[in-house]
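Engineer: Got a sequence here, can you build the structure:
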Amino acid sequence: MFNYCPSCASKKITFKEGKVFRCPDCGFIYYHNIAAATGCIISVPEDGGEKLLFLVRGKEPAVGKLDLPGGFVDIGEGVFDGLYRELQEEIGWTPPQPPQMFASFSNVYEYKDIKYNTCDMYFSVKVPNLRLEDLNLEKAEVSSAILLKPDEIDFTRFAFPSTIKAVKEYLLIHC
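Structural biologist: The predicted structure follows:
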């Protein structure tokens, strides 16, 4: 991430413990801490079961892979604020009732050769009568949205390992 100290330009900067950059020349220290991220399982109850909403990623990393609506929590936001903002940005939709948090997993999000360690928090909300036509997809980030029954889910198509864990956990609890 750093080849030179951002403070004094020394080449002696080190990266220790997987998170701390230190410069022995000027004393610069940078902690590369985790980033908070959210994901939301939106389930649509139907006769005899339910369908889950998945997005097809429209950009890297993992373009073309399945994901859940959600994303990084911005500076100054709480996790719910970040979740609601991401739902509006990605699918143009606000849940009719507050989503419930049900799981959290660590993840590594690699983008442009930088690995970001994340703490992914997963929420769920049931929305009767939700239709794909009710969504306004952000085409720069999302190429499409699909509704799948639990037995139609192909876990090899998912973008991130933590999303697989979250969907499996959700299915274990709810289906």
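Engineer: Find the centremost residue of the chain, please.
Structural biologist: Nearest to the mean C-alpha position of the chain, by CA atoms, centre = their mean, lies G71 at 4.1 Å.
Engineer: That one and D120, how far apart?
Structural biologist: Distance from G71 to D120, counting by CB to CB, to the nearest Å: 10 Å. C-beta here means a position set from N, CA and C on the backbone, and glycine is covered the same way.
Engineer: and for those two, which residues touch both?
Structural biologist: Each of A37, T38 lies in contact with both G71 and D120 under the rule CB atoms under 8 Å, 6 or more residues apart in numbering.
Engineer: which residue sits closest to the residue nearest to the centre of the chain in space, ignoring its chain neighbours?
Structural biologist: By the measure of CB to CB, 6 or more residues apart in numbering, the closest residue to G71 outside its immediate chain neighbours is E86, 4.1 Å from it.
Engineer: What's the first helix or strand after the helix or strand where the one you found lies?
Structural biologist: According to DSSP states H and E, E86 maps onto helix 79-91. Next helix or strand after helix 79-91 toward the C-terminus (DSSP H and E): strand 100-111.
Engineer: That following strand to helix 79-91, inter-axis angle?
Structural biologist: Angle of strand 100-111 versus helix 79-91, following axes from the mean of the first three to the mean of the last three CA atoms, to 10 degrees, is 60 degrees.
Engineer: dump the residue contacts of the residue of the chain most remote from its centre.
Structural biologist: Largest separation from the mean C-alpha position in the chain: D25, at 37.7 Å (CA atoms, centre = their mean). Applying CB under 8 Å, 6+ apart, we find D25 in contact with C5, C8, S10, K12.
Engineer: give me phi/psi at L148?
Structural biologist: phi -130, psi 140 (degrees, to the nearest 10).
Engineer: Write down the beta-bridge partners of it, one by one.
Structural biologist: L52 (DSSP bridges).
Engineer: How about N117?
Structural biologist: Counting by DSSP bridges, N117 forms beta bridges with V108.
Engineer: Could you do K126 as well?
Structural biologist: S43.
Engineer: Do you have the helices of the protein handy? List them.
Structural biologist: 79-91, 161-174 (DSSP state H).
Engineer: My guess is I29 contacts E17. True?
Structural biologist: No. The pair I29 and E17 does not pass the contact test of CB atoms under 8 Å, sitting 11.8 Å apart.
Engineer: returning to what we had before: show me which of the contacts of D25 are buried.
Structural biologist: C5 (16 or more other CB atoms under 10 Å).
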